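Asks: show me how the following folds:
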Amino acid sequence: MDMATTSHREVPALSGTQFERGTPEGRSLRMMLSSAGRRVGLMRSFRQSAGLLGADLTMFACDLTPEWSPACIEADKASAAPPAESEEFIPAMLDICKREQIGLVVPTIDTELLAYSRARDQFSAINCHVAVADEPLVLMARDKLATALFLTEAGLRSPRTIAAEEFLSGEADLSLPLLAKPRHGSSSRGIMMAQNREDVLGLDKSEPYILQEYLHGREFTVSLYFDGEGQLQCAIPHERLRVRSGEVEKGVTVRDPSLSDMAWRLGKALHGARGAMCFQVRVDENGQPSIFEINARFGGGYPLAHQAGAQFARWMLEERLGLPRTANDDWQEGVLMLRFDDAVFV
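Replies: Model (predicted):
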């Protein structure tokens, strides 16, 4: 689900290795899309941005099984990588990046963010920049209970959230039904509505769960771009009109004062943010937004933001190539994305 059509103006499409050659001296970069999977849309956003900058971008990708990854097939070169949470992951990625002279690594999945944040200095030592936030921020975003506490302390509206154990012990006064989520989960995995105590008792014991007030209303993702100094430069919301397997299938960019205000307040509170992040919100019938999730990475709906003019990929390349920075918040409202299935043939 990486291809998209939009109602926005056309931007020259670049795929495969069909980007501009004969670029100005020094404007070349070897980049790694980590755990690339199906993120073909994200890869094409970087390739398109490189073409517009007149930069020679060589795109590498890695995955557990690169032969089964559409993004790895589309990359200029692909490598197999160990599981992101294994002890072998960082040594293997350091070896690949050193051997291939990779200058930029862009992580894409939650499970690899912590390892990359802890090893960022090791990559810097081989002149490779990893686009990842500081470790404390990554830890907070990966933990839904810690996220709820952070939002409360920051004065940002969010649903009440407790550990499942608190509910079972009678320590909390939240009333059922409640939304049950794996405390460290992602991609809508393991989420269910707990209607009664038996549902809570029956939750998977192999991982901790949280219980959260169920929010009604329209759902939005707000994509954020932070520069190398950790300053928020852009916040672009899109409404999730239809979602499939946790990823937006139909969405439209929206300028809403309440979402904008919340985004910039959150941006000030997120110390150690770098590059792309996003958060998810529901807006109730009174127009009040509540944040229920923060992701310290590119969101799955980023191609919509890119097409609307919030070109995080371009801004990352500008920083890494030492070009004048053009990051801004001047994106287009009302850009509609309609995703469809596509295939890579080998």
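Asks: what about the closest residue to residue 344 other than its chain neighbours, how many neighbours?
Replies: In space, and not counting its chain neighbours, residue 344 is closest to residue 70: 4.3 Å by Cβ to Cβ, 6 or more residues apart in numbering. In this view, the C-beta of every residue, glycine as well, is placed from N, C-alpha and C. For residue 70, the neighbour count with other Cβ atoms under 10 Å is 20.
Asks: mind pulling up the pLDDT for residue 70?
Replies: On pLDDT, residue 70 comes in at 98.
Asks: how close does it sit to residue 284?
Replies: Remark: distance between residue 70 and residue 284 (Cβ to Cβ, to the nearest Å) = 38 Å.
Asks: could you do residue 228 as well?
Replies: As judged by Cβ to Cβ, residue 228 and residue 284 stand 36 Å apart.
Asks: note down every partner strand of the helix or strand hosting residue 211 and its orientation.
Replies: According to DSSP states H and E, residue 211 maps onto strand 209-212. The strands that strand 209-212 pairs with in its sheet are strand 161-163 (antiparallel), strand 178-182 (antiparallel) (by DSSP bridges).
Asks: okay if I get the ones you listed as TSV plus mean neighbour count and distance to residue 50?
Replies: Output for these, formatted as TSV (neighbours: other Cβ atoms under 10 Å; distance: least, Cβ to Cβ, whole Å):
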stretch	mean neighbour count	distance to residue 50
strand 161-163	20	41
strand 178-182	21	37
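Asks: so which of the ones you listed gets nearest residue 235?
Replies: Set against residue 235 and scored by Cβ to Cβ, these come closest in strand 161-163, at 23.4 Å.
Asks: now the element after that closest one, going C-ward?
Replies: Toward the C-terminal end, the helix or strand that comes next after strand 161-163 (DSSP H and E) is helix 164-169.
Asks: would you put the C-alpha positions of that next one in CSV?
Replies: Once non-C-alpha atoms are left out, helix 164-169 reads as follows in CSV (Å, rounded to 0.1, in the frame of the first residue of the first chain):
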residue,chain,number,x,y,z
ALA,A,164,-4.0,-3.7,33.4
GLU,A,165,-2.7,-4.8,36.8
GLU,A,166,-3.9,-1.6,38.4
PHE,A,167,-7.4,-2.3,37.2
LEU,A,168,-7.4,-5.9,38.4
SER,A,169,-6.1,-4.9,41.8
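Asks: which strands and helices lie in contact with that helix?
Replies: Packing partners of helix 164-169 (3 or more Cβ pairs under 8 Å, 6 or more residues apart in numbering; DSSP states H and E): helix 197-201, strand 209-212.
Asks: now name the helix or strand holding residue 151.
Replies: Element membership for residue 151 (DSSP H and E) is helix 144-153.
Asks: ugh, wrong one, residue 57
Replies: Following DSSP H and E, one finds residue 57 within strand 56-63.
Asks: low-confidence ranges in this structure?
Replies: In the predicted model, the chain carries pLDDT under 70 at residues 1-26.
Asks: middle-most residue in it, spatially?
Replies: The residue lying closest to the centre of the chain (Cα atoms, centre = their mean) is residue 298, at 2.4 Å.
Asks: surely it and residue 42 touch.
Replies: Yes: under the criterion of Cβ atoms under 8 Å, residue 298 makes contact with residue 42 at 6.0 Å.
Asks: got the buried residues for stretch 317-335?
Replies: 317, 318, 319, 320, 321, 323, 327, 331, 332, 335 (16 or more other Cβ atoms under 10 Å).
Asks: can you get me the start-to-end distance on it?
Replies: The first residue of stretch 317-335 is 24 Å away from its last residue (Cα to Cα, to the nearest Å).
Asks: for stretch 224-234, same thing?
Replies: Stretch 224-234 has an end-to-end distance of 6 Å (Cα to Cα).
Asks: pull the contacting residues for residue 224.
Replies: 232, 234, 235, 263, 266, 267, 273, 276, 277, 278, 279 (Cβ atoms under 8 Å, 6 or more residues apart in numbering).
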